[in-house]
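**Q** Compute the structure for the input listed below.
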Amino acid sequence: MKSVVGAKIYGQEDVVGSIIADACLHAMPRDPTKFSIDNIRTQKVLGGSVEESVVIHGLVVLRPSLTTVMEVKDAKIAVFNTPIEMQQGETKGTVLLKNAEDLINYTKGEEDQMEKFVKELAEAGVTVMICQGSISELAIHFLEKYKIMTLKIMSKFELRRIAKAIGATLIVKLGAPTPEELGFAHAVEFQEISSQKCTVIRRDEEENKIATIVLRGSTNSMLEDLERVIDDAVNNVKCVIKDPRLLAGAGAAEI
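**A** Numbers count the residues shown, from 1 in each chain. The predicted structure is shown next:
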């Protein structure tokens with residue numbers, strides 16, 4: 001491990017090598033041949049030094065909850081691949097409001113629809129909701145009322161990775177999810193790493209453990225170098241599991 005890391009970032013091989021080894025051992029299944037490189041993830045946090053990098057046993061999302069619920073144990077998670085807001089019509093229309101009662105009734109219809117949707121989530125046992133894109137203030141209000149932890153993910157690729165890690169199906173329309181569509185995590189909790197607010201999703205399954213290496217560095221180029229080093233080292237671990245024979249590289253054997 002040290003030789004792989006040292007070839008890329010000389011002088012940091014002891015620190016980075018031990019971090020990678022810790023992550024690989026945590027994510028290693030009972031049958032090492034089934035080791036998946038996808039179970040080792042990285043998150044970059046700008047600031048600090050390489051020595052401050054840590055391994056977190058779980059999936060780290062660099063976003064806090066939108067509601068005041070910051071920790072959920074044995075969470076049932078619904079993952080929506082759609083913004084959480086009422087659908088707008090494709091054509092423009094004019095609404096004539098004659099008095100205050102008309103105005104109240106007009107806004108109340110939208111409120112009732114949103115509350116019905118959130119109530120259906122709560123009745124389905126959902127305790128954590130993850131969505132992609134925008135989420136309306138009205139939705140956050142009702143999610144707060146029904147004590148549902150809410151995360152907003154901007155990247156569709158990250159959303160897919162999270163769904164795969166927790167065993168959830170991406171839901172494309174607003175409505176109550178079926179039990180088969182829900183994902184599960186043993187714990188979803190808020191943490192703060194170097195003033196960076198993040199959420200850790202932990203699923204302690206023997207065969208599907210995920211470790212996230214939170215990288216610290218003073219510049220973006222350093223963090224990108226570290227990410228490449230980790231990718232190489234984790235792939236090296238997978239190769240060594242298949243065939244433990246090693247040969248010194250770069251012409252060292254011939255010398």
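**Q** roughly how far apart are the most centrally placed residue in the chain and residue 236?
**A** The centroid of the chain falls nearest to residue 61 when counting by CA atoms, centre = their mean (4.1 Å). Counting by CB to CB, to the nearest Å, the gap from residue 61 to residue 236 is 27 Å. For the C-beta atoms, the positions are set from N, CA and C on the backbone; glycine is no exception.
**Q** nearest residue to the residue nearest to the centre of the chain other than its sequence neighbours?
**A** residue 199 (4.7 Å; CB to CB, 6 or more residues apart in numbering).
**Q** For that neighbour, give the beta-bridge partners.
**A** Note on residue 199: beta-bridge partners by DSSP bridges are residue 61, residue 190.
**Q** Quickly note the distance from it to residue 52.
**A** In terms of CB to CB, residue 199 sits 20 Å off from residue 52.
**Q** Surely the residue nearest to the centre of the chain touches residue 197?
**A** No - between residue 61 and residue 197 there is no contact under CB atoms under 8 Å: 10.1 Å.
**Q** isn't there a helix covering residue 165?
**A** Yes - assigned with DSSP: H, G, I helix; E, B strand; the rest coil, residue 165 falls within a helix.
**Q** avg pLDDT for the helix or strand in which residue 142 is found?
**A** Per DSSP states H and E: residue 142 is located in helix 137-145. Across helix 137-145, the average pLDDT comes to 90.
**Q** elements contacting that helix?
**A** When contacts are defined as 3 or more CB pairs under 8 Å, 6 or more residues apart in numbering; DSSP states H and E, helix 137-145 sits against helix 100-123.
**Q** Can you pull the phi and psi angles for the spatially closest residue to residue 241 that is not a sequence neighbour?
**A** Nearest-residue entry for residue 241: residue 32, 4.9 Å, with adjacent residues in sequence omitted and distances by CB to CB, 6+ apart. The phi/psi pair for residue 32 (degrees, to the nearest 10) reads phi -60, psi -30.
**Q** Just give me the neighbour total for residue 32.
**A** Residues lying near residue 32 (other CB atoms under 10 Å) number 13.
**Q** That one against residue 244, yeah?
**A** No - Residue 32 is beyond contact range of residue 244, at 10.6 Å (criterion: CB under 8 Å).
**Q** hang on, the earlier thing: and residue 199 and residue 52? Which one has more around it.
**A** Shown here are residue 199 and residue 52; by other CB under 10 Å, residue 199 has more neighbours (22 against 15).
**Q** okay, that one: pLDDT?
**A** 89.
**Q** For it, give its distance to residue 20.
**A** Residue 199 sits 23 Å away from residue 20, going by CB to CB.
**Q** ok, which stretches of the stretch 1-150 of the chain are helices?
**A** 2-6, 13-27, 100-123, 137-145 (DSSP state H, counting those that start in this stretch).
**Q** right, I mislabeled it, should have said the stretch 151-255 of the chain
**A** Under DSSP H, counting those that start in this stretch, the stretch 151-255 of the chain gives helices at 156-166, 220-242.
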